[in-house]
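*Asks:* turn this into a model:
(3 chains)
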Amino acid sequence: MGPNDSTVTIYVMGKRYEVPADLAIMKAMEYVGYQFVRGCGCRAAFCGACATLYRKKGSYKLQVALACQKIVEDGMYIATIPFAPSDKRIYELDKIRPSQNILLEYYPEIARCLSCNTCTKACPQDLQVMDYVQAALRGDLKEVATLSFDCIACGLCAVRCPAEIVPYDVAQLARRLYAKYLAQTSEHLVKRLGELKEGRFDEEIQRLKGLSREDLTKIYEKREIRV
Amino acid sequence: MKFAYYPGCTLKVTAKSFEESAIAAAKALGLELVEIPRWNCCGTVHALAKDDVMHYIAPTRILVRVEEMNKQGLLSENFRLVTICAMCYNTLKRVNSVVKGDAERMRKLHDIMEKETPYEGKVEVLHLLELLREVGFGKLTERVNNPLKELRVASYYGCLLLRPKSLSIDNSDNPRVMEDLVEALGGEAVEIPYRTKCCGAYHTVDRIDIVAEAAQKILKQAEEAGADVVAVACPLCSFNLGERQEEVAKRFLGFRKIPVVYFTQLMALALGLGEKACGFEENHVDPRPTLRSKNLI
Amino acid sequence: MALQLTNQTFRISDRNRKFSKKIGELSGEKIDLCYQCGGCSSACPMTSHMDLLPSKVMRLVQLGMEDVLKSRTIWVCSTCLNCTVRCPRGIDIANVMEALRQTLLRGKFNHLDLDGVKREDLREIPPVAIISSLRKFTA
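*Replies:* Model prediction:
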């Protein structure tokens, strides 16, 4: 640490530490000697492994974050939540259909939703969790799929929900059903796959494979994208 | 006339014909039901405990939405919320009256619903039947071009439209609004003694025997009174008296099935709004043979 | 205070008084107003499935006898509010039933087990039935 670096005080599982002020929570915990064997993953806010709850000294507010992203703040009381238990239902996507009641059928506990919004407040991705659970209750698969698209299943909403719902399991079923049965298929994609299978691009691919790294780089930098 | 409209979960799932016929019939009378954006489940049945706050959140959110709609100028009938499902009506109306008079609870609710604008207590909750009565059954009769002649309709109110007395849409012991509606449509109103007796409600989930017994008593009276169809105003009553007739038949020898329809389906029929608006294919016991025999379709 | 009920003598203890008071507070009803007219029992459509009549339940609550929590009655109630409308003293008996249920439900007790409901049923039953039964019967 140089003369310009500053430190902040954080508390990990109740124990006090001084850490550099520019570290993310995960890095700060590793700085003081914790080793992550579970509860860490991509370190890029995509895998949802590092869900974290924290409070700031002087405030009752319970806050949420992803440990790999959130920069430490002075007075943070940190608790990482490596896992949230859930009862994921078993279904065969080929055998079930997107009927109106399908989500209620597999996850009847969504009927317990109180619309209290605790899940939305617990989401580190700022998703509209309550809205998608309500959409699930209404049978609106498209809305569930749209609103839950960026969900990384970190587990915080499930841990906090007073009705004991696991929103992301419900959303996953909705997205799967939507993608398989309801979403529009891309005609261009289907056409292009057909062309590939016919071998229309075989020659060109072979030619590219034979090029040297420099030639390939030149072609890549000069590429045109036509819409 | 534009009213805020709260559908409730069931009308979008297993009771679509109720909603479609209601919206079509209302439109024919110049009433536009504007669905609330971003609505959530009302969380029926109303929580009775005195200290309850959690279960008030969902209904209060809906009331806040109506106030928001008003501010956005989406309604012509200010702050009036219409529902079609009797259970949603009961829950919303009860919550509304409690929170309006309980500042402490309101404060706690606003605290929990921190991201919502506070509820100002301006909304009035109505059931569609009340609205129709307000518009005037005479006006309804004027628009009828397919009167339900010789159709004997037993009206079944269920519980939540009439109880508790403070929110009853009519006289709790001797209501007339549905019978008046049937007569305004040109039908013959048949009164059965059990028209306000509980159908078993939520026991249909794990105590089907209770529902079967209640349904049998009600439907037998309708049959004995010579009714052709039973008209209901709630999607759960429709299920308990309709789909559950299979369970009744299993338990009671000699039980004769009788069609159960929504009062709005009868309206759509009498106003000549077409087959799609009536939605008779969704009724568990098909009313169409009976209606055909009376030359109504 | 001692009472003769059939051939048993029952003494009302502090615990009984506490229970009675608790139910009164949770429901917000004046339990002591009930004078056992039986109107609620005659109005109730579910009595054939009950072990204790509603008016009996009211009496037991007045005496603070916690055994009332073991009855089937409180789970058979369908909240139809007929009793409430009938009561000449203005007591909301359905509310008292709910307070008795809440006393158990708030102790992590679930009356309804969703595992026992078949999947085909969940498909057919209107959502409002699932929502309301979970609301009334689960913690």
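*Asks:* near chain B, which residues of chain A show up?
*Replies:* A:100-101, A:104, A:111, A:113-117, A:130-131, A:134, A:137-140, A:162 (C-beta under 8 Å from any C-beta of the partner chain). (Each C-beta comes from the backbone N, C-alpha and C, glycine too.)
*Asks:* 6 Å instead, please
*Replies:* A:Gln100, A:Asn101, A:Leu114, A:Ser115, A:Cys116, A:Gln134, A:Leu137, A:Arg138, A:Gly139 (C-beta under 6 Å from any C-beta of the partner chain).
*Asks:* can you check the pLDDT for residue 10?
*Replies:* Using chain A here. Model confidence at A:Ile10, expressed as pLDDT, equals 96.
*Asks:* wrong one, I was asking about chain B
*Replies:* 91.
*Asks:* what does A:Glu221 give?
*Replies:* 91.
*Asks:* that one: how many residues sit nearby?
*Replies:* 7 (other C-beta atoms under 10 Å in any protein chain shown).
*Asks:* where's it relative to A:Glu214, distance?
*Replies:* 11 Å (C-beta to C-beta, to the nearest Å).
*Asks:* B:Asp209 now?
*Replies:* Taking C-beta to C-beta, one finds B:Asp209 at 81 Å from A:Glu214.
*Asks:* show me which of those two is the more surrounded one.
*Replies:* Between B:Asp209 and A:Glu214, B:Asp209 has the larger neighbour count (other C-beta under 10 Å), namely 13 against 8.
*Asks:* helix or strand for that one, which one?
*Replies:* Using DSSP states H and E, B:Asp209 sits within helix B:208-224.
*Asks:* check which helices and strands that helix sits against.
*Replies:* Applying 3 or more C-beta pairs under 6 Å, 6 or more residues apart in numbering or on different chains; DSSP states H and E, one finds that helix B:208-224 makes contact with helix B:235-241, helix B:245-251.
*Asks:* among these, which is the most enclosed?
*Replies:* Across those, averaging neighbours per residue (mean count of other C-beta atoms under 10 Å in any protein chain shown) puts helix B:235-241 on top, at a mean of 29.
*Asks:* is that helix anywhere near chain A?
*Replies:* No. Helix B:235-241 lies out of reach of chain A by C-beta under 6 Å from any C-beta, never closer than 12.6 Å.
*Asks:* find the nearest non-adjacent residue to the spatially most central residue of chain A, please.
*Replies:* For chain A, A:Ile152 is the residue whose C-alpha lies nearest the centre (C-alpha atoms, centre = their mean; 1.5 Å). Closest residue in space to A:Ile152, ignoring its immediate chain neighbours: A:Gly48 at 3.4 Å, by C-beta to C-beta, 6 or more residues apart in numbering or on different chains.
*Asks:* that neighbour and A:Ala153 touch, don't they?
*Replies:* Yes. Counting by C-beta atoms under 6 Å, A:Gly48 touches A:Ala153, with 4.9 Å between them.
*Asks:* per-residue pLDDT, B:Leu219?
*Replies:* We have a pLDDT of 95 for B:Leu219.
*Asks:* how about A:Leu53?
*Replies:* With respect to pLDDT, A:Leu53 has a value of 96.
*Asks:* contacts for the helix or strand containing it?
*Replies:* Following DSSP H and E, one finds A:Leu53 within strand A:51-56. By C-beta atoms under 6 Å, 6 or more residues apart in numbering or on different chains, the residues outside strand A:51-56 that reach it are A:25, A:63, A:65, A:67, A:75-81, A:154-156.
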